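>>> next comes the sequence, and after it the predicted model I'd like to discuss.
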Amino acid sequence: MSVTAPRSHFLANGLRRALGSRLAATLAYPHGVDRYLEQFAPTESLTEVRADVVAVRHQTADSVTLSLRPNRNWKGFRAGQYVRLTVEIDGRRRSRCYSPAQSVHATDGLIELTAKTHAAGFVSKHLKQGLTVGTVVGLSQAEGSFALPDQRPARVLLISGGSGITPVMSMLRTLTDEGHAGPITFLHYANTAQDQLYGAELAAIAARFPNVQLLRGYAEPNQDGELEGLFCRAHLNAVPDFADAEAFLCGPPGMMKAVQKLWADEGLAERLHVEHFAAAPAVLADSVNADGDVRFIRSERLAKNSGATLLDQAEAAGLKPESGCRMGICHACTCRKASGRVRDTRTGEISDAGEADIQICVSVPVGTVTLDL
């Protein structure tokens with residue numbers, strides 16, 4: 001693990017106010033004040049959240065954990081929320097959603113993000129292989145409604161799989177920092193014990209706090225977990241009062257679907273809170289029968305409809321629209337559709353032909369579509 005000392009704030013409050021004035025904006029036109037500020041201190045910005053990478057560690061062979069020191073524009077978060085992390089790869093800015101894993105009561109001022117890499121994980125592979133201490137990244141403010149309520153539940157059940165552990169890890173750390181007295185069950189699934197994120201810390205928390213029950217389930221046999229195999233109804237026999245708990249769930253789509261079905265069957269759906277960081281199975285576009293054109297009116301470009309998502313078609317046409325998770329979760333790619341119908345790749349639903357704001361990462365044109373891009 002590598003660590004750097006924290007940087008002091010470059011700008012005094014009075015100077016920040018001066019640089020935020022209309023006069024400063026006029027003098028800095030057309031590039032803006034931030035473009036000049038970053039020449040002296042890369043994390044400084046009047047409005048944007050930027051952060052230094054101050055530590056990089058690898059909990060498992062296929063993961064990376066980053067510690068980030070944000071600038072003063074960071075407003076904090078609620079345990080369970082996510083941020084959009086933006087990095088530059090080969091001259092292009094790429095954004096993905098990650099949940100801070102630290103307690104909201106952490107005193108070091110750092111944001112901790114953990115990502116698992118996989119074959120198609122273009123950005124996550126860069127985070128693991130190409131990000132080093134001292135790199136400056138961009139962040140959004142915290143987003144999302146998946147979070148511990150201000151009135152803490154008396155009984156809490158946290159369920160996660162793989163890298164979906166991060167938002168519920170934040171919840172666990174937050175609750176234990178607050179001395180939460182009610183029972184907490186932490187139910188986590190991984191392929192093997194070697195794939196388990198935060199394994200040692202979870203064991204230490206369970207040993208220290210008698211109200212915390214740790215249940216680890218591994219897909220491979222003989223892993224010394226409390227449970228074996230994938231999530232099933234029988235596993236909840238180890239949590240006899242699960243129906244009394246507020247449950248928080250994040251993990252792979254298959255596991256989440258199984259948990260949601262069980263809660264629905266039990267009539268408990270309203271007590272299950274979920275966060276998705278993987279795309280739901282998509283309704284594939286029929287590229288063979290795609291017809292019409294995609295018109296980008298602001299950039300005055302026209303492309304033949306290929307049947308791909310509008311985000312992919314915009315990029316193929318040489319445009320660089322804002323985008324984030326590319327899964328329809330973060331809404332960073334929301335764009336105004338001036339006319340035409342689109343199909344939602346997640347549900348198959350087809351829109352009407354009028355004006356509407358759409359997410360171009362999960363929208364496929366049905367015939368000719370005009371976008372304000």
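Great, that's in hand.
>>> listing partners with orientation, what would you give for the host helix or strand of residue 186?
Assigned by DSSP states H and E, residue 186 belongs to strand 184-190. Paired strands of strand 184-190, with direction, are strand 156-161 (parallel), strand 212-218 (parallel) (DSSP bridges).
>>> give the next helix or strand downstream of it.
Downstream of strand 184-190, the first helix or strand assigned by DSSP H and E is helix 199-208.
>>> and that next one, which residues are buried?
Neighbour counts over helix 199-208 (16 or more other CB atoms under 10 Å) mark 199, 202, 205, 206 as buried. Using the backbone N, CA and C atoms, a C-beta is placed for each residue, glycine as well.
>>> just the angle between that helix and strand 184-190, please?
Computed with axes from the mean of the first three to the mean of the last three CA atoms, to 10 degrees, the direction of helix 199-208 lies at 160 degrees from that of strand 184-190.
>>> can you show me the CA trace of helix 199-208 as CSV?
Output of helix 199-208 as CSV, limited to C-alpha atoms (Å, rounded to 0.1, in the frame of the first residue of the first chain):
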residue,chain,number,x,y,z
GLY,A,199,-12.8,-10.6,5.2
ALA,A,200,-10.4,-9.9,8.1
GLU,A,201,-12.2,-6.7,9.1
LEU,A,202,-15.6,-8.4,9.0
ALA,A,203,-14.4,-11.2,11.3
ALA,A,204,-12.9,-8.6,13.7
ILE,A,205,-16.1,-6.6,13.8
ALA,A,206,-18.2,-9.7,14.5
ALA,A,207,-15.7,-10.7,17.3
ARG,A,208,-15.8,-7.2,18.9
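>>> so which other helices or strands are in contact with that helix?
Packing partners of helix 199-208 (3 or more CB pairs under 8 Å, 6 or more residues apart in numbering; DSSP states H and E): helix 165-177, strand 184-190, strand 212-218.
>>> which stretches of the stretch 201-350 of the chain form strands?
Using DSSP state E, counting those that start in this stretch, the strands of the stretch 201-350 of the chain run over 212-218, 227-228, 246-250, 272-275, 293-296, 301-304, 334-344.
>>> could you export those as a markdown table, including distance to residue 148, mean pLDDT and mean neighbour count?
A markdown table is the format used below for the strands of the stretch 201-350 of the chain (distance: least, CB to CB, whole Å; pLDDT from 0 to 100; neighbours: other CB atoms under 10 Å):
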| stretch | distance to residue 148 | mean pLDDT | mean neighbour count |
| --- | --- | --- | --- |
| strand 212-218 | 15 | 96 | 20 |
| strand 227-228 | 25 | 92 | 17 |
| strand 246-250 | 8 | 96 | 23 |
| strand 272-275 | 9 | 92 | 19 |
| strand 293-296 | 42 | 94 | 20 |
| strand 301-304 | 45 | 92 | 14 |
| strand 334-344 | 27 | 91 | 19 |
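>>> can you list those in a markdown table and add distance to residue 83?
Output for the strands of the stretch 201-350 of the chain, formatted as a markdown table (distance: least, CB to CB, whole Å):
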| stretch | distance to residue 83 |
| --- | --- |
| strand 212-218 | 26 |
| strand 227-228 | 31 |
| strand 246-250 | 15 |
| strand 272-275 | 13 |
| strand 293-296 | 29 |
| strand 301-304 | 32 |
| strand 334-344 | 17 |
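>>> among the ones you listed, which is nearest residue 146?
strand 272-275 (3.9 Å; CB to CB).
>>> what comes into contact with that closest one?
If you take CB atoms under 8 Å, 6 or more residues apart in numbering as the criterion, strand 272-275 is touched by 80, 82, 99, 144, 146, 164, 167, 246-250, 256, 259-260, 263.
>>> so where's the stretch 151-300 of the chain uncertain?
Scanning the stretch 151-300 of the chain with the threshold set as pLDDT under 70 gives 277-289.
>>> on that earlier part again, max pairwise distance over the contacts of strand 272-275: which two?
Longest distance between any two of these is 22.1 Å, between 82 and 263; criterion CB to CB.
>>> those two: which has the busier surroundings?
Shown here are residue 82 and residue 263; by other CB atoms under 10 Å, residue 82 has more neighbours (26 against 20).
>>> how about the more buried one, what does it touch?
For residue 82, counting by CB under 8 Å, 6+ apart, the contacting residues are 97, 98, 99, 100, 142, 143, 144, 146, 167, 275, 277, 330.
>>> the helix or strand containing the first one: what's the following helix or strand?
Just to be clear, that refers to residue 97. Applying DSSP H and E as the criterion places residue 97 in strand 92-98. Once strand 92-98 ends, the next helix or strand along the chain (criterion: DSSP H and E) is strand 111-116.
>>> same question for that following strand, mean pLDDT?
Strand 111-116 comes out with an average pLDDT of 95.
>>> quick check: the residue most central in space within the chain vs residue 238, distance?
Nearest to the geometric centre of the chain sits residue 97, at 2.4 Å (CA atoms, centre = their mean). Remark: distance between residue 97 and residue 238 (CB to CB, to the nearest Å) = 31 Å.
>>> quick one: residue 93 and residue 123 touch, right?
No. Counting by CB atoms under 8 Å, residue 123 is not a contact partner of residue 93; they are 10.6 Å apart.
>>> now do the contacts for residue 362.
So residue 362 contacts 282, 309, 327, 328, 344, 345, 346 (CB under 8 Å, 6+ apart).
>>> quick check: the farthest pair among these?
Distances among the contacts of residue 362 were taken as CB to CB; the most separated pair is 327 and 344, at 12.3 Å.
>>> how is the protein divided into domains?
2-139, 156-275, 293-371 (automatic domain parsing).
>>> go through those domains and name the closest to residue 150.
For residue 150, the closest of the domains of the chain is domain 2-139, at 8.4 Å, according to CB to CB.
>>> assign a three-state SS to residue 366, would you?
Three-state call for residue 366 (DSSP: H, G, I helix; E, B strand; the rest coil): strand.
>>> so what's it bridging to?
Here residue 366, judged by DSSP bridges, has bridge partners residue 341.
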